[in-house]
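Participant: Give the three-dimensional model of this entry:
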Amino acid sequence: MKLLELNSDKKIYFASDFHLGAPNHIESRKREANIIEWLNHIQKDAQVIFLVGDIFDFWYEYRKVVPKGFVRIQAKIAELVDQGIEIYFFLGNHDMWMKTYFSEELGVKMIENELEIKINNKTFYISHGDGLGPGDYGYKFIKKVFRNRVCQFLFSLLHPSLALSIANFFSKRSRSSSGKKDDTFTKKEDEWLYLFCQKKLKSKHFDYFIFGHRHLPMEISINSSKYFNLGEWMNYQTFATFDGEKPILYSWEKDNIETYKGIKV
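Facilitator: Reported below is the predicted structural model:
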């Protein structure tokens, strides 16, 4: 398990599911500007920033080609890393084909699956969350196909203009198929990630589980542990902080940070 000591005047920040590129260029640029304002605001006391997947609505790296756009957030991330802030970049289900560009050019730490980390005296399990928990066997199969190196190589043989057009089409279709499900909470026993946490705790204790993917900001108690979902930035603009004592969910809008009064069970 990785160990991290948090300085007394610093905080840890968690955010996920920016989905930059969706639903169109204009809306994505507005969201990118909003995210950069948030990063400008937190850089004064951020020691580590965890970006927990689906930062882009789609990303694929050829050996010498990366997707067009997103230069502002890339520049901001590079600035933060140069300033000494550690940034962890998790692969999500929309940007699982990221490779070495961000680590080599921007200096972030790439996390392919999960990260188990102890911050001061608290233990965290952090992952994007896709494919975890019971059910969703169709996606779990597709994820194995997409993570397969042979399939990635075959995709790389397509011209970038064609490949990215195809990928963006299916990315939009994936979001639209979710519909109102992302906005719906019935009970914690229906939450796959909550059930995953329950099972995980039978073999190893964690104080906190941090996930994205679900798109609905929430805080759910599991005996002496807690599961936090970070929500997303197309509707909620939510993120979490950890000051050495406990994580807290917040919402952001134009230099205004408020405690998020959402789902808490």
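Participant: From here on, just use CA atoms for contacts and neighbour counts.
Facilitator: OK.
Participant: Break down the stretch 151-265 of the chain into its helices, ranges please.
Facilitator: Taking DSSP state H, counting those that start in this stretch, the helices of the stretch 151-265 of the chain run over residues 160-178, 192-201.
Participant: By mean pLDDT, show me the worst of these.
Facilitator: The weakest mean pLDDT among those belongs to helix 160-178, with a mean of 59.
Participant: where does the stretch 151-265 of the chain have low pLDDT?
Facilitator: Within the stretch 151-265 of the chain, the segments meeting pLDDT under 70 span 152-182.
Participant: unless I'm mixing things up, Ala78 is touching Gly107, no?
Facilitator: Yes. Taking CA atoms under 8 Å as the definition, Ala78 is a contact partner of Gly107 at 6.9 Å.
Participant: which residues of the stretch 1-150 of the chain score low on pLDDT?
Facilitator: Ranges of the stretch 1-150 of the chain meeting pLDDT under 70: 135-148.
Participant: Return the backbone torsion pair for Leu106.
Facilitator: Main-chain dihedrals, Leu106, degrees, to the nearest 10: phi -110, psi -20.
Participant: roughly how far apart are it and Thr100?
Facilitator: Using CA to CA, to the nearest Å, we find Leu106 at a distance of 10 Å from Thr100.
Participant: now do Ser225
Facilitator: Taking CA to CA as the measure, Ser225 falls 34 Å from Thr100.
Participant: got it, and Asn113?
Facilitator: 15 Å.
Participant: Please enumerate the strands of the stretch 151-265 of the chain.
Facilitator: 208-211, 218-222, 225-229, 238-242, 247-253, 256-259, 263-264 (DSSP state E, counting those that start in this stretch).
Participant: Format the ones you listed as TSV; extra columns: mean neighbour count.
Facilitator: Formatted as TSV, the strands of the stretch 151-265 of the chain follow (neighbours: other CA atoms under 10 Å):
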stretch	mean neighbour count
strand 208-211	23
strand 218-222	17
strand 225-229	23
strand 238-242	22
strand 247-253	19
strand 256-259	12
strand 263-264	12
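Participant: Output these in a markdown table; the columns should cover distance to Ala46.
Facilitator: A markdown table is the format used below for the strands of the stretch 151-265 of the chain (distance: least, CA to CA, whole Å):
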| stretch | distance to Ala46 |
| --- | --- |
| strand 208-211 | 18 |
| strand 218-222 | 22 |
| strand 225-229 | 19 |
| strand 238-242 | 9 |
| strand 247-253 | 14 |
| strand 256-259 | 15 |
| strand 263-264 | 25 |
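Participant: which one of those lies closest to Arg29?
Facilitator: For the strands of the stretch 151-265 of the chain, proximity to Arg29 was assessed by CA to CA; strand 247-253 is nearest, at 15.4 Å.
Participant: by contact count, what packs against that closest one?
Facilitator: strand 238-242, strand 256-259 (3 or more CA pairs under 8 Å, 6 or more residues apart in numbering; DSSP states H and E).
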